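A.B. asks: I would like the atomic coordinates for the input below:
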Amino acid sequence: MSYVRKATLVLALSSLSISACAKAEDQPSGQAPTTGPVKIGISLPLTGDFAEPGKGIQEGYKIWAEHVNAKGGLLGRKVELIFRDDASDPNRVTSDYESLITQDKVNLVFGPFSSRLVIPAGKVAESYGMLFVEPAGAAKEVFQQGFKKLFYAAPAIADDHYNYLADYLIKLPPDQRPKTAAYASLDDPFAQGTAYGLRDKLAAAGIKTVADEVYPPETTDFSPIAAKIAQAKPDIVVGGTQFEDSVGLVRALQELKVQPKLAAFSTGPTLPEFPAAVKDAAESVISPVGWSAGSGFTGNDALVKTYKDMFGGEANEDAANGYTVGQVVEAAVNAVKCVEPSKECQDKLAAHLRQATFDTVVGPLSFDDQGRPEQAHMIQQYVNGKVEIVLPEGSKAQTAKLVFPKKEW
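C.D. replies: From the prediction side, this is the model:
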């Protein structure tokens, strides 16, 4: 969009005063109507590298819309979700949000999946003064952009996902504590953030890094990476992963008979498709997780039930993260009593998010002045074929003790 067109839009938004009872057809060009449905614009990676989690986020958004509309919508207006497929392309996600804001004239925007997409999308939203609550942009780079209206609706940023696991390993008696670790990560800010957040904490405690591999998103053959890890003979293996690469790494490590005392992979093991994809190799695998089906947090039981009714199968963390975005925005809209794309309304919504605590399916959420969540991720593990919450110890969420050393592959 040219600076002239953008300036024209901003001028129109700031200079027009439109009564709440005005008819939609009477609204000037460039201004979302104040009657009719509340349009929410969303671009997601429904194809491409991030298609699997992108579809999960979409499911969570759809369930939230179903629930909020059953209650009468936002401020008495039904919610309409407008989706675009960005094909996992940062350039395309930019044009998607430009189009949603300027052509579809949406009232609100929700974020995409992946820090790689959240950053360019967030820049567009910020340039139009739009609130931007997102479900999956947790890399530290997201919060170094100077965004004023971006909020990450999950318990922790990427660097802190493994905090409970780091604490557990560091506090082990010296004769049980792992001495070496190998890392393999997708070339993605979020994936690397999860793996390297743990790496840095363990390295500071004296656990030596003996392998550190970064691979591009299009990687399908993980045997060379697994071979380097096998040669290093680490006590623990950590993967900064999404779904397909977590499966590929586990299979490659299993084929080479790598037997670490602990194997941890981000994102992939939290998806219900993971056990079937790796079969018996899922046993004892660890992953940070921001959501648990049995947590009992606000709205969680309804999310689990509706997911099964609408999509079949079991709900997953990606769907929960999408649903959480809806919960946070819904609470803010109801608190400040506005849902328009005007600077005044969007500023009020952002100000409320900065000072409030929200009850969500991932637990209570609050945000710091950079939009980062102030809570922590749990740690899940496959124990006897079942997903269990193993950390933090002594918490209400814990359902089993962490198995360490892990069972052999």
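
A.B. asks: pLDDT value on residue 26, please?
C.D. replies: Per-residue pLDDT puts residue 26 at 36.

A.B. asks: please identify the helix or strand for residue 308.
C.D. replies: helix 300-311 (DSSP states H and E).

A.B. asks: CA atoms only for that helix - export them in CSV, please.
C.D. replies: Extracted C-alpha coordinates of helix 300-311, given in CSV (Å, rounded to 0.1, in the frame of the first residue of the first chain):
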residue,chain,number,x,y,z
ASN,A,300,-11.3,-25.8,28.9
ASP,A,301,-13.9,-28.4,29.3
ALA,A,302,-16.1,-26.7,26.7
LEU,A,303,-13.2,-26.4,24.3
VAL,A,304,-12.4,-30.1,24.6
LYS,A,305,-16.1,-31.1,24.0
THR,A,306,-16.7,-28.7,21.1
TYR,A,307,-13.4,-29.8,19.4
LYS,A,308,-14.6,-33.4,19.4
ASP,A,309,-18.1,-32.3,18.2
MET,A,310,-16.8,-30.1,15.4
PHE,A,311,-13.6,-31.8,14.2
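
A.B. asks: quick one: list the elements packing against it.
C.D. replies: helix 51-70, helix 317-336 (3 or more Cβ pairs under 8 Å, 6 or more residues apart in numbering; DSSP states H and E). Heads up, the C-betas are built off the backbone N, CA and C, glycines and all.

A.B. asks: and among those, the most buried is which?
C.D. replies: The highest mean neighbour count among the helices and strands packed on helix 300-311, using mean count of other Cβ atoms under 10 Å, belongs to helix 317-336: a mean of 25.

A.B. asks: distance from the chain centre to the very next helix or strand once past that helix, please.
C.D. replies: The first helix or strand that comes after helix 317-336 along the chain, using DSSP H and E, is helix 343-355. Centre-to-centre, helix 343-355 and its host chain are 22 Å apart (Cα atoms, centre = their mean, to the nearest Å).

A.B. asks: got the angle for helix 343-355 vs helix 317-336?
C.D. replies: 120 degrees (axes from the mean of the first three to the mean of the last three Cα atoms, to 10 degrees).

A.B. asks: so what touches helix 343-355?
C.D. replies: 13-14, 129-131, 133, 148-149, 151, 328-329, 332-333, 335-336, 338-339, 367, 369, 371 (Cβ atoms under 8 Å, 6 or more residues apart in numbering).

A.B. asks: so which of the helices and strands packed on helix 300-311 gets nearest residue 389?
C.D. replies: helix 317-336 (12.1 Å; Cβ to Cβ).

A.B. asks: all strands of this protein, in order?
C.D. replies: Assigned strands in the chain, in chain order: 38-44, 79-85, 108-110, 132-134, 150-152, 180-186, 208-215, 236-240, 262-265, 286-289, 358-360, 363-365, 378-383, 386-391 (criterion: DSSP state E).

A.B. asks: report the contact partners of residue 266.
C.D. replies: Residue 266 touches 161, 191, 194-195, 239-241, 246, 287-288, counting by Cβ under 8 Å, 6+ apart.

A.B. asks: state the pLDDT value of it.
C.D. replies: Taking residue 266 on its own, its pLDDT is 96.

A.B. asks: quick one on the thing from earlier: of the contacts of helix 343-355, just the buried ones, PyMOL syntax please.
C.D. replies: The buried residues among the contacts of helix 343-355 can be selected in PyMOL (16 or more other Cβ atoms under 10 Å) with this line:
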select buried, resi 13+129+130+131+133+149+151+328+329+332+333+336+338+339+367+371
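
A.B. asks: on that earlier part again, could the contacts of residue 266 be laid out in TSV, adding neighbour count?
C.D. replies: Putting the contacts of residue 266 into TSV (neighbours: other Cβ atoms under 10 Å) gives the following:
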residue	neighbour count
161	31
191	30
194	33
195	28
239	32
240	31
241	27
246	28
287	29
288	29
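
A.B. asks: now the two most distant members of the residues you listed.
C.D. replies: Longest span within those, Cβ to Cβ: 161 and 246, 14.0 Å.

A.B. asks: what residues go with each domain of the chain?
C.D. replies: Split into domains by automatic domain parsing, the chain comes to 3-156+296-365, 160-289+377-391.

A.B. asks: how long is the shortest one end to end?
C.D. replies: Put plainly, it is domain 160-289+377-391. 14 Å (Cα to Cα, to the nearest Å).

A.B. asks: relative to the whole chain's centre, how far out is it?
C.D. replies: Centre to centre, stretch against its chain (Cα atoms, centre = their mean), the figure for domain 160-289+377-391 is 19 Å.

A.B. asks: before we move on, the earlier item: report the buried residues of the helix holding residue 308.
C.D. replies: Buried residues in helix 300-311 (16+ other Cβ under 10 Å): 300, 303-304, 306-307, 311.

A.B. asks: how big is the angle separating it from helix 51-70?
C.D. replies: 110 degrees.

A.B. asks: use 39 as the first number for this chain going forward.
C.D. replies: Let's use 39 as the start, then, which means that last one is helix 338-349.

A.B. asks: closest to residue 438 out of the helices and strands packed on helix 338-349?
C.D. replies: Closest approach to residue 438 among these (Cβ to Cβ): helix 355-374, 18.1 Å.

A.B. asks: pLDDT on that closest one, on average?
C.D. replies: Here the average pLDDT along helix 355-374 is 97.
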